[in-house]
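Asks: let's see this in three dimensions:
(one chain, ligands or ions: 2)
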Amino acid sequence: MNAKLKLEITKTQFEFITSEADEVLFGGAAGGGKSYGQLVDALLFALKYPGSRQLMLRRTFPELEHSLIMNALLIYPKEACRYRSSDRKWIFRNGSVIEFGFCASESDVLRYQGAEYDVARFDELTHFTETQYTYLLSRVRGTNGYPKQIKSSTNPGGVGHSWVKARFIDGAEPGEVRTTEFGTKRLFIPSFVQDNKFLMKSDGAYIRRLEQLPENERRALLYGEWEIFDGQVFTEWRNNPKGYATRKLSHVIKPFDIPKEWRRFRAFDFGYSKPFAVSWYAVDYDGRAYNYRELYGCSGKPDVGVRWTAQKIADKIYELEREEREAGIKITGVADPAIWNATGGNEGSIAEMMERRGVYFEKGNNNRLAGKMQVHYRLAFDGEGVPMIYFFEGRCAGMIRTLPQLKYDETEPEDVDTRQEDHLYDELKYFLMMNPIGPREEKAAADKREYSPLETPPDRFII
Ligand SMILES: Nc1ncnc2c1ncn2[C@@H]1O[C@H](COP(=O)(O)OP(=O)(O)OP(=O)(O)O)[C@@H](O)[C@H]1O
Ligand SMILES: [Mg+2]
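Replies: Ligands and ions are numbered 1, 2, ... in the order given. Got it, this is the predicted structure:
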C-alpha cells in the first residue's frame, strides 16, 4: 500500500499508542482525545501486523455507533480497509480485522466466547463491570507472536469507577509501569483536556461548558479526578509541583527568585489560642499572584495557636522582611479589620501595637462570599492550564495543607465552615479583595502561549 496516512496525534495519544504494558488505561478528563487515540492505535496495529485481530468495545450499541463507529468512518483510509456494517468489522487488505462490539448485559460477554484477539480495547471502561472485563481478558491470546494487550480508555465516574480505580490508579504512579502480583504489567496514562490541541482550537468554549457541571461531575470530567469527595470547597485545587515536567495542572510550583519590580503584599489574620496567619504575595505584570512566604502561628497541632502576642508577631514579621526592606522593596500590608478594635488595654488595638513595631496594615475587606469567589476565580485554570495564583512549594506549607481541606458549612451551603482551620484562607481573601478579578475569560486560540513565571518555557503544554 502506497497511500500515506495523514494523522496528527497529541503527545499523550503517542504515549498510549506506544505503550507496551499488558493492560493500559488511558484515563481522565473528557475530551482529552482518548477514544480518538484508541481508533488510531487500532488502525496502526492492524496495518503493522497483517492478519491481526482486535476487538473494540463500548458498553451499549448506540454508544458504539455514535462514537467509535462514526469516527472510524471519518479517519480510516478507504485504500486500506472497508467497513462491513452487518457484523461491525473493519476488514483490512492485509487480512487484519478490527471488530466493534458491545456488552450491554453481563451475559453479553458470551458473544465473544471462543474468539481470540491480539488486542481488546474498552472505551469508557468505567461503564463496564469487573466481571465483564476479566472475562474478556481471557479472549486475548494467540500463537501468531504479535503483542497481546488490553487497552482501555475512560473518564472517572460510572458504575465501574471503584474497581477501575483500584486496578489502575490506587498506589500507582501515573505514567509508570507497575508489575502486578501475577507478574503482568499495568500502566495508567492520565489524559487532560488541555492535551487535545485539536479540540482546544476548534471549540474554545468547551472548557467553559464543563465548568458549569455539578461539582463531582465537573471534577471527573474537567480535571479527570479520581478522588472525588463531597463537601470540598476548592475542588479546583491541584498540587503537582512537578507540573512542568509532567504536564499536570498545578497551583503549587517550585520557588523562583521574584523580580524586584513586582508588587508585594502581606496579609494577616490575628489569632492567639487559634493560629494567627501571615502570608506574603508577589504580583507579576499580568496580575498573577504568587504566595511566596508564610508565617503560620500554628503549634503543630492542627488549629491550635502558638499564643504569641501582637508585638511578638510584629517583630517576627519585621525580621522576615529585612532583606526586602534593605533592597528598598515596599510591602503593602492588609489585615482583618477586627485588629483595629480596642482591646481594652493601654496599648490600644492590635493594629496600633504592631504599628509601633514598624509593621503597617490597611483594613481588609471581609465580605466572606465575595472573598470566596475571588479564591475560585484565582484558582481557575485557563485553557492552557494556567491559574491566577500560584503557591511556592515548601514556602507556604500551611496554605497548601489547609486550603484544599476546607469544607462547606452544612447550614450555610454557599459558605466555608468557619469552625475549620481557615486562618490562612481568611488572610488570602483580604489580599485578593484588594485587587478583585472577574471570572476567567476564555482565551482565543491566537492568544495561546506557554506559561512560565520568568519566561523560561516549560515543556508542560507542548503537544
Ligand atoms: N489527534 C487528533 N486529531 C484530530 N482530532 C482529534 C485528535 N484527537 C482528538 N480529536 C478530536 O477531539 C475531540 C475529543 O476527542 P475524543 O472524543 O477522543 O476525546 P475523549 O477523551 O475520548 O473524550 P470523552 O472523555 O468525552 O470520551 C473529538 O472531536 C476528536 O475527534
Ligand atoms: Mg471518549
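Asks: tell me where the stretch 201-350 of the chain has helices.
Replies: In the stretch 201-350 of the chain, the segments counted as helices under DSSP state H, counting those that start in this stretch are 206-211, 215-223, 243-246, 310-320, 322-326, 350-355.
Asks: and ligand 2, which of these is closest to it?
Replies: Nearest to ligand 2, of all the helices of the stretch 201-350 of the chain, is helix 215-223, at 10.9 Å by C-beta to the ion. Heads up, the C-betas are built off the backbone N, CA and C, glycines and all.
Asks: tell me what that closest one is packed against?
Replies: helix 206-211 (3 or more C-beta pairs under 8 Å, 6 or more residues apart in numbering; DSSP states H and E).
Asks: thinking again about what came up before, closest one to residue 115 among the helices of the stretch 201-350 of the chain?
Replies: Nearest to residue 115, of all the helices of the stretch 201-350 of the chain, is helix 215-223, at 32.5 Å by C-beta to C-beta.
Asks: who in this structure is up against ligand 2?
Replies: By C-beta under 5 Å from the ion, the residues of the chain that approach ligand 2 are 34, 35.
Asks: name the residue of the chain that lies nearest to ligand 2.
Replies: residue 35 (3.2 Å).
Asks: so that residue versus residue 237, what's the distance?
Replies: Noted for residue 35: a distance of 28 Å to residue 237, by C-beta to C-beta, to the nearest Å.
Asks: the helices of the stretch 201-350 of the chain: lowest mean pLDDT?
Replies: Sorting the helices of the stretch 201-350 of the chain by mean pLDDT places helix 243-246 lowest, at a mean of 50.
Asks: mind listing what residue 100 touches?
Replies: By C-beta atoms under 8 Å, 6 or more residues apart in numbering, the residues touching residue 100 are 56, 57, 64, 68, 69, 72, 88, 89, 90.
Asks: for ligand 1, see how far away the fifth one is.
Replies: The span separating residue 69 from ligand 1 equals 13 Å under the rule C-beta to the nearest ligand atom, to the nearest Å.
Asks: phi, psi of that residue?
Replies: phi -60, psi -50 (degrees, to the nearest 10).
Asks: got any ranges where this protein has weak pLDDT?
Replies: Within the chain, the ranges that satisfy pLDDT under 70 run 1-3, 158, 228-231, 241-248, 410-413, 441-463.
Asks: separation between the residue of it most remote from its centre and residue 337?
Replies: Within the chain, the residue lying farthest from the chain centre (C-alpha atoms, centre = their mean) is residue 346, at 51.5 Å. When distance is defined by C-beta to C-beta, residue 346 is 22 Å away from residue 337.
Asks: what of residue 218?
Replies: Taking C-beta to C-beta, one finds residue 218 at 34 Å from residue 337.
Asks: please parse this protein into its domains.
Replies: Here the domain parsing of the chain from automatic domain parsing is 11-223, 252-434.
Asks: ok so, going back, count of residues packed around the nearest residue to the residue of the chain closest to ligand 2 once chain neighbours are set aside?
Replies: What sits nearest to residue 35 in space, not counting adjacent residues and going by C-beta to C-beta, 6 or more residues apart in numbering, is residue 123, at 5.3 Å. Burial of residue 123 is recorded as 25 neighbouring residues (other C-beta atoms under 10 Å).
Asks: hang on, residue 123 packs against residue 60?
Replies: No: contact criterion C-beta atoms under 8 Å: residue 123 and residue 60 do not qualify, at 11.4 Å.
Asks: list, one by one, the residues from this structure near ligand 1.
Replies: Residues of the chain that fall close to ligand 1, judged by C-beta under 6 Å from any ligand atom: 8-10, 13, 30-36, 71, 155, 191, 196, 198-199.
Asks: give me the buried subset of those residues.
Replies: Buried by 16 or more other C-beta atoms under 10 Å: 9-10, 13, 30-36, 155, 191, 196, 199, out of the residues of the chain next to ligand 1.
Asks: format these as JSON lines; extra columns: secondary structure and distance to residue 51.
Replies: Formatted as JSON lines, these follow (DSSP: H, G, I helix; E, B strand; the rest coil; distance: C-beta to C-beta, whole Å):
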{"residue": "9", "secondary structure": "coil", "distance to residue 51": "25"}
{"residue": "10", "secondary structure": "coil", "distance to residue 51": "30"}
{"residue": "13", "secondary structure": "helix", "distance to residue 51": "25"}
{"residue": "30", "secondary structure": "coil", "distance to residue 51": "35"}
{"residue": "31", "secondary structure": "coil", "distance to residue 51": "34"}
{"residue": "32", "secondary structure": "coil", "distance to residue 51": "32"}
{"residue": "33", "secondary structure": "coil", "distance to residue 51": "29"}
{"residue": "34", "secondary structure": "helix", "distance to residue 51": "27"}
{"residue": "35", "secondary structure": "helix", "distance to residue 51": "25"}
{"residue": "36", "secondary structure": "helix", "distance to residue 51": "25"}
{"residue": "155", "secondary structure": "coil", "distance to residue 51": "34"}
{"residue": "191", "secondary structure": "strand", "distance to residue 51": "31"}
{"residue": "196", "secondary structure": "coil", "distance to residue 51": "33"}
{"residue": "199", "secondary structure": "helix", "distance to residue 51": "35"}
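Asks: which of these sits closest to residue 163?
Replies: So of those, ranked by how close each gets to residue 163 (C-beta to C-beta), first place is residue 155, at 14.9 Å.
Asks: phi, psi of the closest residue to the closest one other than its chain neighbours?
Replies: Spatially, and ignoring its direct neighbours in sequence, residue 155 is nearest to residue 30 (5.5 Å; C-beta to C-beta, 6+ apart). Per-residue torsions, residue 30: phi -70, psi 130 (degrees, to the nearest 10).
Asks: use 42 as the first number from now on
Replies: All set: I'll call the first residue 42, so the last point we hit is now residue 71.
Asks: who's in contact with residue 71?
Replies: 196, 234, 251, 262, 263.
Asks: of the domains of the chain, which approaches residue 273 most closely?
Replies: domain 293-475 (6.3 Å).
Asks: does residue 231 touch residue 75 like I think?
Replies: No: Residue 231 lies out of contact with residue 75 (C-beta under 8 Å); the separation is 10.4 Å.
Asks: what's the burial count for the residue in the stretch 292-441 of the chain that ligand 1 sits nearest to?
Replies: Closest contact between the stretch 292-441 of the chain and ligand 1, by C-beta to the nearest ligand atom, is at residue 424 (14.2 Å). Other residues lying near residue 424 total 23 when counted by other C-beta under 10 Å.
Asks: wouldn't it be in contact with residue 245 here?
Replies: Yes: in this structure, residue 424 is within contact of residue 245 by C-beta under 8 Å, at 6.4 Å.
Asks: where does the residue in the stretch 192-341 of the chain positioned nearest to ligand 1 fall, phi/psi-wise?
Replies: Ligand 1 sits closest to residue 239 of the stretch 192-341 of the chain, with a gap of 3.6 Å, by C-beta to the nearest ligand atom. Here is the backbone geometry of residue 239 (degrees, to the nearest 10): phi -70, psi -40.
Asks: now it. Nearest residue, chain neighbours left out?
Replies: Closest to residue 239 by C-beta to C-beta, 6+ apart is residue 74, at 7.2 Å.
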